[in-house]
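Novice: no sequence for this one, just the structure:
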């Protein structure tokens, strides 16, 4: 277990960072806080991806193990009423990234006292996980190749998992995702003369049904996939044929081929509805993150490292995570760290304005990383 002073340090890091949430790549205060903390430990952190940072600890072997923490927050107005609540109106660390940064700072602090490294270590503080994808930016710099990274690990807090439990998945863990916008442009007319118009609302409703049919009739039911439509807007008045309609949604799947099949079918249906209703349909699909697919060998290593009583094999989830970009370059393992504590009311979901957790769980994250470094004989302590 971590000593009390280490826990106090983790708590301070997390609460300090929680009060200064920033989004995307625009993280000047978060950047400066982490930079100053790392420099106080004796490191010389380097800037990457605008407001990201990394620390390279050279060992006897050039091959490196990397650990990543995301830095950005969300556009959420906090309602926890905690003493360390966000001081930036309209922004909040509602996804636990403040905890992720605290874990990596805690690991850095532990490693600052280690004299001998048999293998190199790379610590990555990454901006813009929530969007537009800071991991991809970092990967494209060649950082992992430069420092001969052979494996990478990440941890995410999870309020669906019991406090302190390490959640593990072998293979596909989180979904590939994309977003889509549909705009249907028709011709308005009086509702009493629909033949003079082109009903954008009716065409859009048909297209919504078509998109649901893709899931039921065109995709293998044993490949988990989702088309979720979250907004729909149409019409001007009750007695006017709608001139324009629009809807937006997201696509999720664990299978790249299924994703391509879904998006191709969406375009075909858009073209068909446009032709059938004699109006214009604009479909824009934005591809975001690949699926998170955990490496089997690293998964088995963690089974050896984390005691069975402290871990749980969990189901894959349809959330998306840009940790996947690292996994496209090197073997990687993404883990969940439980924060659920029903007796204290710490059960609110990620992205909730009420999300909170006990910093004691952060010690588990640091311990897990330290145990992995010992397991790989990177350090002796």
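Specialist: Done, it's in. All values derive from a computational prediction rather than experimental measurement. Numbering: from 1, shown residues only.
Novice: return the distance of stretch 18-32 from the chain's centre.
Specialist: 17 Å (Cα atoms, centre = their mean, to the nearest Å).
Novice: end to end on it, go ahead and measure it.
Specialist: Its start and end residues considered, stretch 18-32 measures 14 Å (Cα to Cα, to the nearest Å).
Novice: the helices in this protein, which residues?
Specialist: Assigned by DSSP state H, the chain shows helices spanning 4-18, 28-40, 97-111, 134-140, 143-146, 200-217, 256-277, 296-305, 324-327, 360-375.
Novice: how about these in a markdown table, adding mean neighbour count?
Specialist: In short, each C-beta sits where N, CA and C put it, glycine included. Shown next, in a markdown table, are the helices of the chain (neighbours: other Cβ atoms under 10 Å):
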| stretch | mean neighbour count |
| --- | --- |
| helix 4-18 | 18 |
| helix 28-40 | 17 |
| helix 97-111 | 25 |
| helix 134-140 | 21 |
| helix 143-146 | 16 |
| helix 200-217 | 17 |
| helix 256-277 | 16 |
| helix 296-305 | 15 |
| helix 324-327 | 24 |
| helix 360-375 | 21 |
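Novice: mind checking which of these is nearest residue 345?
Specialist: Across the helices of the chain, residue 345 has its closest neighbour in helix 360-375 (15.3 Å, Cβ to Cβ).
Novice: list the helices and strands that closest one packs on?
Specialist: In this structure, helix 360-375 packs against helix 4-18, strand 61-70, helix 97-111, strand 149-162, helix 296-305, strand 332-340, with contacts taken as 3 or more Cβ pairs under 8 Å, 6 or more residues apart in numbering; DSSP states H and E.
Novice: flag the shaky bits of the protein, pLDDT-wise.
Specialist: Within the chain, the stretches with pLDDT under 70 are 1-4.
Novice: any idea how it splits into domains?
Specialist: As recorded under automatic domain parsing, the domains making up the chain are 4-175+291-375, 176-287.
Novice: for residue 220, which non-adjacent residue is spatially closest?
Specialist: Excluding the flanking residues, the one nearest residue 220 by Cβ to Cβ, 6 or more residues apart in numbering is residue 258, at 7.2 Å.
Novice: for residue 203, see how far away the one you found is.
Specialist: 26 Å (Cβ to Cβ, to the nearest Å).
Novice: for residue 184, same thing?
Specialist: From residue 184 to residue 203 the distance is 5 Å (Cβ to Cβ).
Novice: overlap in contacts, those two.
Specialist: By Cβ atoms under 8 Å, 6 or more residues apart in numbering, residue 184 and residue 203 have these common neighbours: 245, 273, 279, 281.
Novice: and stretch 276-293, what's buried?
Specialist: 277, 279, 281, 283, 285, 288-293 (16 or more other Cβ atoms under 10 Å).
Novice: I'd like those residues as a markdown table, with distance to residue 106 appended.
Specialist: Shown next, in a markdown table, are these (distance: Cβ to Cβ, whole Å):
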| residue | distance to residue 106 |
| --- | --- |
| 277 | 59 |
| 279 | 58 |
| 281 | 52 |
| 283 | 46 |
| 285 | 40 |
| 288 | 30 |
| 289 | 27 |
| 290 | 29 |
| 291 | 29 |
| 292 | 24 |
| 293 | 27 |
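Novice: on that earlier part again, can I get the shared contacts of residue 184 and residue 203 in JSON lines including distance to residue 351?
Specialist: Converted to JSON lines, these look like this (distance: Cβ to Cβ, whole Å):
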{"residue": "245", "distance to residue 351": "28"}
{"residue": "273", "distance to residue 351": "33"}
{"residue": "279", "distance to residue 351": "36"}
{"residue": "281", "distance to residue 351": "31"}
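Novice: identify the farthest-apart pair in those residues.
Specialist: So, the shared contacts of residue 184 and residue 203 by Cβ to Cβ: farthest apart are 245 and 273, at 11.1 Å.
Novice: what's the spacing between the most centrally placed residue in the chain and residue 329?
Specialist: Central residue of the chain (Cα atoms, centre = their mean): residue 321, 3.2 Å from the mean position. Distance, residue 321 to residue 329, using Cβ to Cβ: 15 Å.
Novice: hang on, the earlier thing: wait, the residue nearest to residue 220 sits on residue 218?
Specialist: No. With contact defined as Cβ atoms under 8 Å, residue 258 does not count as touching residue 218 (9.4 Å).
Novice: how long is stretch 289-303 from one end to the other?
Specialist: 27 Å.
Novice: which residues are in contact with the closest residue to residue 225 other than its chain neighbours?
Specialist: Leaving aside its sequence neighbours, residue 225 sits nearest to residue 253 (Cβ to Cβ, 6+ apart; 4.0 Å). The contact partners of residue 253, by Cβ under 8 Å, 6+ apart, come to 175-176, 219, 223-226, 259, 262, 291.
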